[in-house]
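Peer 1: based on what follows, work out the 3D shape:
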Amino acid sequence: MKNVKLGKIWDSLHSSYWFLPTVMAVVAIALAFTMLNFDRAGYYGPLEKWGWIYTGGANGAREVLSSVAGSVISVAATAFSITIVALQLAASNYSPRLLRNFMQDTGNQLVLGTFIATFVYCLLVLRTVRGDGDDYDSFVPQLAVTVGLLLALASIGVLIYFIHHASTIIQVSHIIMEASNDLHRAVDRLFPEKLGRGLPDTKPHDRAIPANFDADAYPIKANSSGYLQAIDEDKLMQIACDRSLLLHVKSRPGRFVVKGSDIVMVFPGECVNRKLSEQINDAFMFGRQRTEQQDVEFPVNQLVDIALRAISPGINDPTTAIQCIDQLSAGLSHLAQREIPSAYRYDDENNLRVIAEPFTFAGLTDAAFNQIRQYGKSDVGVVIRLLEAIATIARYTQNPIDRAALRRHTEMIRHDSQEAVSQELDKQDIEQRYQAVLKAL
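Peer 2: Below you'll find the model as predicted:
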């Protein structure tokens, strides 16, 4: 995967509340100096002809700029407080893992950046206003003050947008849809082939693995603990080809790795040295939390977390859980139509070079359905929607292994619900959906 490190850096910047406001503040500084230079040069362009230039004196300019700066920074503090409340609400009512989605919200970052940029601009222009009344050496940056007024009007518009946006992003339907969009984007990014899922890969990969691999392979230890966020697969392949090695990756993005644990087995082991160990470790990027950069299971876990909170006894909101199941069925149907790459990676000369930790459709269905089935087995509506979701996914699934995974979940859902549901008519409804799933499979 190209530019994995740049992608991780951009993901970190995009998930912060300081990057975009800082960029906008720098732009405001540049704009202030540019407008002041125009004022010193006496060039106002067509604005002067149209009568849009500020025509007041020095005292009036100070009052205007100070009023705008003070008002905007007060509104910025209020907006930031509202944002923090929204973060707390998401963490307590939905899932702490959803905080990342709120931090990535460009609308909130743009609102804070606009307020801060306007404040910085007004301060820089305010310091250049000189004189009182008709003093000979007075300087009133009329164009710069005019632009400050325009920024104040823009801040009012942004404030109106923020009020609407803040009330929208905390709605559960919006949160579920954002997590679902993350899932679809991750599927498109990690599994771009749209040829559909065919028969299982039957190539005899075991013949390409040396018989003495387990005995002679040497482990590369992780340099730090944390969640594996991304792997530079191109770099690993380049290392393996340049040194004629076979690398067996022992983990995949999304897993937690303990410092000192094995992350790669290198064959032949006698080729391992400090430089090689550092090069391989450099291809693994760790962090304090999971991201969807190379972890398609992470947005699935977010949807599952929302569903579990919804069906908990303290909340008892099965409708929200059903919405999550609907989005999970859409994501898994999307994945079922994609070609999951083989875990065995060969070079141009058809030599096995890298064995990755395999990702399977069955593993993702386990992540999507297991916990919801276990905690929602007594809720008839949730059970029925789980079976309907599997029937929907089955229409897009051609691989017999994938269909076997769906059948296994169907049997578990039916078995658990028969034990947890006491009403006979409810059991009959569940049985009817169960038969419909078997027909779809």
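
Peer 1: low-scoring pLDDT stretches of the stretch 1-150 of the chain, where are they?
Peer 2: 1-2, 43-52, 132-137 (pLDDT under 70).

Peer 1: how does the protein divide into domains?
Peer 2: In the domain annotation for the chain, the residue ranges read 4-170, 205-287, 293-339+359-440 (automatic domain parsing).

Peer 1: let's have those in TSV, adding mean neighbour count and distance to L183.
Peer 2: Any C-beta I mention is one placed from the backbone N, CA and C, and that applies to glycine too. Written out in TSV, the entries for the domains of the chain read as follows (neighbours: other C-beta atoms under 10 Å; distance: least, C-beta to C-beta, whole Å):
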stretch	mean neighbour count	distance to L183
domain 4-170	17	12
domain 205-287	16	13
domain 293-339+359-440	19	4
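
Peer 1: for those, which one sits closest to R185?
Peer 2: Ranking those by proximity to R185 (C-beta to C-beta) places domain 293-339+359-440 first, at 8.5 Å.

Peer 1: in a markdown table: the domains of the chain, plus distance to H184.
Peer 2: A markdown table is the format used below for the domains of the chain (distance: least, C-beta to C-beta, whole Å):
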| stretch | distance to H184 |
| --- | --- |
| domain 4-170 | 14 |
| domain 205-287 | 17 |
| domain 293-339+359-440 | 6 |
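
Peer 1: what about these, which gets the closest to N181?
Peer 2: Closest to N181 of the domains of the chain, according to C-beta to C-beta: domain 293-339+359-440, at 8.4 Å.

Peer 1: distance between that closest one and the chain's centre?
Peer 2: With C-alpha atoms, centre = their mean, to the nearest Å as the basis, domain 293-339+359-440 stands 23 Å off its chain's centre.

Peer 1: my understanding was that D262 contacts K250; is that so?
Peer 2: Yes: counting by C-beta atoms under 8 Å, K250 is a contact partner of D262 at 5.2 Å.

Peer 1: the helices in the stretch 101-250 of the chain, which residues?
Peer 2: Secondary structure of the stretch 101-250 of the chain, counting by DSSP state H, counting those that start in this stretch: helices at 106-126, 142-169, 172-190, 213-216, 233-243.

Peer 1: redo those as JSON lines? Include distance to Y94.
Peer 2: JSON lines is the format used below for those (distance: least, C-beta to C-beta, whole Å):
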{"stretch": "helix 106-126", "distance to Y94": "17"}
{"stretch": "helix 142-169", "distance to Y94": "12"}
{"stretch": "helix 172-190", "distance to Y94": "6"}
{"stretch": "helix 213-216", "distance to Y94": "45"}
{"stretch": "helix 233-243", "distance to Y94": "33"}
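
Peer 1: on that earlier part again, nearest to P192, of the domains of the chain?
Peer 2: Comparing the domains of the chain by C-beta to C-beta, domain 293-339+359-440 comes nearest, at 7.7 Å.

Peer 1: what pLDDT, on average, does that closest one get?
Peer 2: Average pLDDT, domain 293-339+359-440: 91.

Peer 1: and stretch 15-24, C-alpha only, in PDB?
Peer 2: What follows is stretch 15-24 as a C-alpha-only set of coordinates in PDB (Å, rounded to 0.1, in the frame of the first residue of the first chain):
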ATOM      1  CA  SER A  15      -8.700  13.500  13.600                       C
ATOM      2  CA  SER A  16      -7.500  16.500  15.600                       C
ATOM      3  CA  TYR A  17      -9.100  19.800  16.500                       C
ATOM      4  CA  TRP A  18      -5.900  21.800  16.200                       C
ATOM      5  CA  PHE A  19      -4.700  21.300  12.600                       C
ATOM      6  CA  LEU A  20      -7.400  23.000  10.500                       C
ATOM      7  CA  PRO A  21      -7.900  25.900  12.900                       C
ATOM      8  CA  THR A  22      -4.100  26.400  12.900                       C
ATOM      9  CA  VAL A  23      -4.000  26.500   9.100                       C
ATOM     10  CA  MET A  24      -6.900  29.000   9.100                       C
END
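
Peer 1: M285 pairs with what?
Peer 2: With DSSP bridges as the criterion, M285 is bridged to A230.

Peer 1: wait, it touches I9, no?
Peer 2: No: with contacts counted by C-beta under 8 Å, M285 stays clear of I9, the gap being 9.7 Å.

Peer 1: so which of the domains of the chain gets nearest S180?
Peer 2: Shortest distance between S180 and those, using C-beta to C-beta, is found for domain 293-339+359-440: 3.9 Å.
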